[in-house]
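Engineer: 3D model of this:
(2 chains)
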2 protein chains.
Amino acid sequence: MTKILPGPASVELGNKLAEELGVETVPVEAKSFPDGESYVRISGDLENERVVVVQSTYPPQNTHLVQLLQLLDAARDMKASEVIAVVPYLAYSRQDKRFRPGEAVSVGTIVRLIEATGVNSLFTVDVHTEKILELFRIHAHNVSATPALGEFFAKRGLKEPYVFAPDEGALARAKSLAACLNADYSFFQKQRDRISGAIKTSVKEFEVKDRDAIIVDDIISTGSTIANAASMLHDQNARRIYVACTHPLLLSGAKDRMMSAGVHEIVGTDCVASEVSRVSVASVVAQSLRKTM
Amino acid sequence: MTKILPGPASVELGNKLAEELGVETVPVEAKSFPDGESYVRISGDLENERVVVVQSTYPPQNTHLVQLLQLLDAARDMKASEVIAVVPYLAYSRQDKRFRPGEAVSVGTIVRLIEATGVNSLFTVDVHTEKILELFRIHAHNVSATPALGEFFAKRGLKEPYVFAPDEGALARAKSLAACLNADYSFFQKQRDRISGAIKTSVKEFEVKDRDAIIVDDIISTGSTIANAASMLHDQNARRIYVACTHPLLLSGAKDRMMSAGVHEIVGTDCVASEVSRVSVASVVAQSLRKTM
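Structural biologist: Residues are numbered from 1 along each chain as shown, chains lettered A, B, ... in the order given. Next up is the predicted model:
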């Protein structure tokens, strides 16, 4: 039988996933000791069960990561027949290259640590670059949140929607969200300023007047890039400007920065628990999990 | 050649250890990204070197632990011929048993994670229970901080010193500190109150009048047990009451609690960086390392 273990970073998502799959959850008790150590306790029997640990690793990344590793290791220790990790936001995935000599390629370390628990497979959502999955020796699957975001926006009755990628690298994501909405799509270009060296979004004209715009990205940290793009769309008289993202990390000030640039609404998913996490990835993750069951 | 990598939690200790051993250090650049991810960079060549990573895992344990794992993994990745971990305070060592069903035996997880980096051996100081070392498949050594603490107190010119363990489990540590000082030693007994169920230190008479007392323990968290013992010694007219400990975690209020109970001075080691870390374990760790070189 399959049982879902909702980790402390993803309690709601874990519960929704269990509903989608029509399987039981085993509650996880989690706390911090006064000295700061993380404690987890699995209150149920896992022997000979197929166990799905759902635990995202958004900030505080290190604590969420240690909890994930504790749960995976404990599930194996409690004699689960198979352990599957669902890690919607995979921390450290932007530290995937050695940019300067001597730098730790931290995502490689994280992959090795996850594998050291003896987990059998891993599912993540909109991983920063698909290349990261090749670092895993176990089966690692990337689930797209786009259908879930698309379904949400389809119900909004947008006016002649136009989907934008904040940079060329995000174009494929914009294209597939546009496909869900029968919308146009395009991208902004980033340029390095020849004098200051700063990277900024170049001015570009779009046929966006009186139309609803959606700027889509995988991770939103400071929101600066999105804010720049939103300003331009605002100047070009777009009707309403929406922001769609899978992982709304939303560092301090990010929301205000985007809203002040003319954004009407920010829509994130529950890969990261935040005040804008209106869309659940439970259904898309469930679909992927079912294929391997 | 041997090179020391002082991790961000143990920069001073790492530098002192290099001095003791007469070897080079390779500086580690460490920071947190705005989103909270830990970043480390090793600024030197490690190829074919014997590398000693010095990184304690006192609070914030999870971040210090992730940094330790990043450094061990990076050192291996940078082609060190041998990687040795010096982890003076080993976090999670009090989570060494399953007290209730379903609890994670977290120190077991930590051991597996450390080993997953491919490290060759590990040195720790005054580990909470020696049994933990049996969980390692690699060589794991426990170094005693007592000679370093003994040397410190020997220079203090104490008056007829009397060394106390706050409970019977710490008696061996008290005995060996007493041996360094030619002192008497004894222990306090903890008792469970038959009515309230609370554990408290029982009253016991010692010949401590006008003599200097040292209460010694491995880890001090809240300082409550020590404060109880200190109160009793104070009531029995001890001259000065010192506290000696290897790992001064000193959670909020701990120092005040002990000082108000009549403690004259708290002396900790640099296994944990704190305001009372007056004694360095560099010499005792160096001695242990030399034996394996």
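Engineer: Only C-alpha atoms from now on, for both contacts and neighbour counts.
Structural biologist: Noted.
Engineer: Show me the beta-bridge partners of the residue of the stretch 51-200 of chain A found nearest chain B.
Structural biologist: With Cα to the nearest Cα, the shortest gap between the stretch 51-200 of chain A and chain B falls at residue A:103, namely 4.1 Å. Taking DSSP bridges as the rule, residue A:103 bridges to residue B:41.
Engineer: ok, it - contacts?
Structural biologist: B:39-42, B:74 (Cα atoms under 8 Å, 6 or more residues apart in numbering or on different chains).
Engineer: Residues of chain A that sit close to chain B?
Structural biologist: Contacts of chain A with chain B, taken as Cα under 8 Å from any Cα of the partner chain, map to A:34-37, A:39-45, A:59-63, A:66, A:69-71, A:73-74, A:78, A:91-92, A:101-106, A:109, A:112-113, A:116-117, A:221, A:249, A:251.
Engineer: rewinding a little: among the contacts of residue A:103, which ones are buried?
Structural biologist: B:39-42, B:74 (16 or more other Cα atoms under 10 Å in any protein chain shown).
Engineer: mind listing the helices for the stretch 101-250 of chain A?
Structural biologist: Along the stretch 101-250 of chain A, counting by DSSP state H, counting those that start in this stretch, helices occupy A:106-116, A:146-154, A:171-181, A:224-235.
Engineer: Could you export those helices as JSON lines, including distance to residue B:190, mean neighbour count and mean pLDDT?
Structural biologist: Supplementary listing: the helices of the stretch 101-250 of chain A in JSON lines, determined by distance: least, Cα to Cα, whole Å; neighbours: other Cα atoms under 10 Å in any protein chain shown; pLDDT from 0 to 100:
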{"stretch": "helix A:106-116", "distance to residue B:190": "40", "mean neighbour count": "22", "mean pLDDT": "96"}
{"stretch": "helix A:146-154", "distance to residue B:190": "58", "mean neighbour count": "18", "mean pLDDT": "98"}
{"stretch": "helix A:171-181", "distance to residue B:190": "63", "mean neighbour count": "20", "mean pLDDT": "96"}
{"stretch": "helix A:224-235", "distance to residue B:190": "58", "mean neighbour count": "22", "mean pLDDT": "95"}
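Engineer: Walking through the stretch 51-200 of chain A, point out its strands one by one.
Structural biologist: Ranges of strands in the stretch 51-200 of chain A, per DSSP state E, counting those that start in this stretch, are A:82-86, A:121-125, A:139-143, A:162-165, A:184-187, A:190-192, A:199-201.
Engineer: angle of the first one against helix A:106-116?
Structural biologist: Note on geometry: by axes from the mean of the first three to the mean of the last three Cα atoms, to 10 degrees, strand A:82-86 and helix A:106-116 are set 150 degrees apart in direction.
Engineer: okay, strand A:82-86 in CSV with CA atoms only?
Structural biologist: Below are the C-alpha coordinates for strand A:82-86, written out as CSV (Å, rounded to 0.1, in the frame of the first residue of the first chain):
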residue,chain,number,x,y,z
GLU,A,82,10.0,1.6,-1.2
VAL,A,83,10.7,5.3,-0.3
ILE,A,84,9.9,8.1,-2.8
ALA,A,85,10.9,11.7,-2.2
VAL,A,86,8.7,14.5,-3.4
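Engineer: Could you list the residues in contact with it?
Structural biologist: A:48-56, A:72, A:75-76, A:118-124.
Engineer: and stretch A:49-65, average pLDDT?
Structural biologist: Mean pLDDT, stretch A:49-65: 98.
Engineer: of the strands of the stretch 51-200 of chain A, which approaches residue B:242 most closely?
Structural biologist: Nearest to residue B:242, of all these, is strand A:82-86, at 49.5 Å by Cα to Cα.
Engineer: How much space separates whichever residue of the stretch 151-293 of chain A sits closest to chain B from residue A:222?
Structural biologist: At 6.5 Å from chain B, residue A:251 is the closest residue in the stretch 151-293 of chain A, using Cα to the nearest Cα. Note on residue A:251: its distance to residue A:222, by Cα to Cα, to the nearest Å, is 5 Å.
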